[in-house]
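Undergrad: curious how this folds, go ahead:
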Amino acid sequence: MKNKSLQKEPTVFVVGPAVPFRGGIAQYTESLYDALKKISDTKLVSFSRQYPKALYPGESDRVEGAVRRSDATYSLDSNNPATWYLTYKKIVAEKPDLVLINWWSIYWQPAFSWMARRLKRKGIKVAFICHNVYDHDASSKKKQIAKMLLKGAPSFFIAHSEPEAKKLHSFTSEKVMVRQIPAYDVLPKPSKEAIDMGKKEHAAINMLFIGLIRPYKGLDILLDAYQQMSKNERDRIHLTVVGETWKDKELLIERLDTLKVRHDIRFVSDQEMVDYISKSDVVVLPYLSATGSAVIPASYFCGRPVLATRIGGLTEVVEDGKTGWLVNANDAEDLKRKMASLTLKECETTHAHIKKWVNENSWDNMARAIIDAADLNG
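TA: Numbering: from 1, shown residues only. Below is the predicted model of the structure:
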């Protein structure tokens, strides 16, 4: 049902990856689009090709067997600037009130900046949803390029943490709306078939590291902390590592086997991810740097607390002692101490706080906040 309080139903375009493309940005795009459809005439524009195969370090950027959404237009090709122009012309022809463009990778930044500037010249409001102002591990040159492409391109920005908003404020005077990523409602429910995480001792805590394995996510710190534990401390923890890695897979598996850490080093489906998280007692995010994390709202969706580092936007999403716990970044000793002291009872006491967070940070609330920020309420 559309929101009757709006004097005029705004027309909104959302630009970003959608199924069959995989990953947190695709889940985000679809969840936001579905929420906006309830209160606006919303259209979804995705990619016919997101990256050339030779430039994508993983096995694939698509979910095997997944099909395109029937209500989306798949028109953007990463290697064909003509598709950027045709997409821009299609959007202009619809005369939308707002165009929302996901911003996360330098590979797409020139195209999105180009489109945004021309849409603005046509009097159309454009907002960049900045998942990362700069790429993870971006060089100073890449940061300069991003600043140049961002400055003056959109009408306003949407960021998911105060540190990211601060970066934007350092070089632009445009409005920045700060909103946490809601819990992903496009994820499936846990399956009835229990996922195999291996046998654990009675009262041991199931701890899970899950997601794309990249250096900034600090898996090495987690394994250092686990390695430094005494046998008694390790007996209280059942650690599992799940996710795809883009390099040194054999070396990682060798270390995990040496430490007797259960692992599944590959890309897992949304169903498998939900099943892994639901079977865990706590999800561990030992990040060395972070603008935010899609793993946290996914964990909250499953009702599970997180043990994360005091870094970037994570401190705004994790309520220490309520929805999870925070430790110092790049500090194996501090992480080890908290892992060793956690109890199942402490994990269980977080569930009510997590449910409250999920209710307050819904996609419907996010959609309404964006419409308000864009001043589209009639």
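Undergrad: only C-alpha atoms for contact and neighbour calcs from this point on.
TA: Will do.
Undergrad: so which residues of the stretch 101-250 of the chain form helices?
TA: Secondary structure of the stretch 101-250 of the chain (DSSP state H, counting those that start in this stretch): helices located at 109-121, 140-150, 162-169, 219-227, 231-235, 249-259.
Undergrad: now for the longest one, which elements pack on it?
TA: So the one you mean is helix 109-121. Contacts defined by 3 or more C-alpha pairs under 8 Å, 6 or more residues apart in numbering; DSSP states H and E place helix 109-121 against helix 81-94, strand 98-103, strand 125-130, helix 140-150.
Undergrad: quick one: the last one to helix 109-121, angle?
TA: To tie it back to what came earlier, the one meant is helix 140-150. 20 degrees (axes from the mean of the first three to the mean of the last three C-alpha atoms, to 10 degrees).
Undergrad: which strands or helices does helix 140-150 pack on?
TA: With contacts taken as 3+ C-alpha pairs under 8 Å, 6+ apart, helix 140-150 sits against helix 109-121.
Undergrad: give me the buried positions along the helix it packs on.
TA: 109, 110, 111, 112, 113, 115, 116, 117, 118, 119, 120 (16 or more other C-alpha atoms under 10 Å).
Undergrad: ok, now stretch 229-246?
TA: Those would be 229, 233-245, for stretch 229-246 by 16+ other C-alpha under 10 Å.
Undergrad: residue 213: which of those residues is nearest?
TA: residue 245 (4.8 Å; C-alpha to C-alpha).
Undergrad: hang on, isn't that closest one packed against residue 211?
TA: No - here residue 245 does not reach residue 211: they are 9.0 Å apart, not a contact under C-alpha atoms under 8 Å.
Undergrad: compute the distance between the residue nearest to the spatial centre of the chain and residue 27, please.
TA: In the chain, the residue lying closest to the centroid (C-alpha atoms, centre = their mean) is residue 294, at 2.9 Å. Using C-alpha to C-alpha, to the nearest Å, residue 294 is found at 9 Å from residue 27.
Undergrad: hey, what's in contact with both of these two?
TA: Counting by C-alpha atoms under 8 Å, 6 or more residues apart in numbering, residue 294 and residue 27 have no shared contacts at all.
Undergrad: low-confidence stretches in the chain?
TA: Within the chain, the stretches with pLDDT under 70 are 1-8, 54-58, 193-203, 377-378.
Undergrad: now with 50, please.
TA: 1-6 (pLDDT under 50).
Undergrad: C-alpha coordinates for the longest strand seen in it, PDB please?
TA: Across the chain, the longest stretch assigned as strand under DSSP state E is strand 41-49. Taking C-alpha atoms only, strand 41-49 is exported to PDB below (Å, rounded to 0.1, in the frame of the first residue of the first chain):
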ATOM      1  CA  ASP A  41       7.000   5.000  -8.100                       C
ATOM      2  CA  THR A  42      10.400   3.300  -8.100                       C
ATOM      3  CA  LYS A  43      12.400   1.800 -10.900                       C
ATOM      4  CA  LEU A  44      15.500  -0.400 -10.700                       C
ATOM      5  CA  VAL A  45      18.400  -0.100 -13.100                       C
ATOM      6  CA  SER A  46      21.100  -2.800 -12.900                       C
ATOM      7  CA  PHE A  47      24.000  -4.100 -15.000                       C
ATOM      8  CA  SER A  48      24.200  -6.400 -18.000                       C
ATOM      9  CA  ARG A  49      27.800  -6.800 -17.100                       C
END
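Undergrad: direction included, what does it pair against?
TA: Here strand 41-49 is paired, per DSSP bridges, with strand 11-15 (parallel), strand 72-77 (parallel).
Undergrad: pull the residues that contact the first one.
TA: The set of residues external to strand 11-15 that reach it, using C-alpha under 8 Å, 6+ apart, is 29, 33, 40-46, 91, 95-102.
Undergrad: tilt between it and strand 98-103?
TA: Using the same axes, to 10 degrees: strand 11-15 against strand 98-103 is 10 degrees.
Undergrad: toward the C-terminus from strand 11-15, list the very next helix or strand.
TA: Next in sequence after strand 11-15, counting helices and strands by DSSP states H and E, comes helix 24-36.
Undergrad: could you give the angle of that next one to strand 98-103?
TA: Using the same axes, to 10 degrees: helix 24-36 against strand 98-103 is 160 degrees.
Undergrad: list the helices and strands helix 24-36 packs on?
TA: Counting by 3+ C-alpha pairs under 8 Å, 6+ apart, helix 24-36 packs on strand 11-15, strand 41-49, helix 363-373.
Undergrad: run the last query once more with 7 Å
TA: When contacts are defined as 3 or more C-alpha pairs under 7 Å, 6 or more residues apart in numbering; DSSP states H and E, helix 24-36 packs onto strand 41-49, helix 363-373.
Undergrad: ok, the residue nearest to the centre of the chain - contacts?
TA: Listed by C-alpha atoms under 7 Å, 6 or more residues apart in numbering, the contact set of residue 294 reads residue 24.
Undergrad: what about the residue lying closest to residue 18 once chain neighbours are set aside, distance to residue 69?
TA: In this structure, residue 18 finds its nearest non-sequential neighbour in residue 26, 4.6 Å apart by C-alpha to C-alpha, 6 or more residues apart in numbering. Residue 26 is 12 Å from residue 69, where distance means C-alpha to C-alpha.
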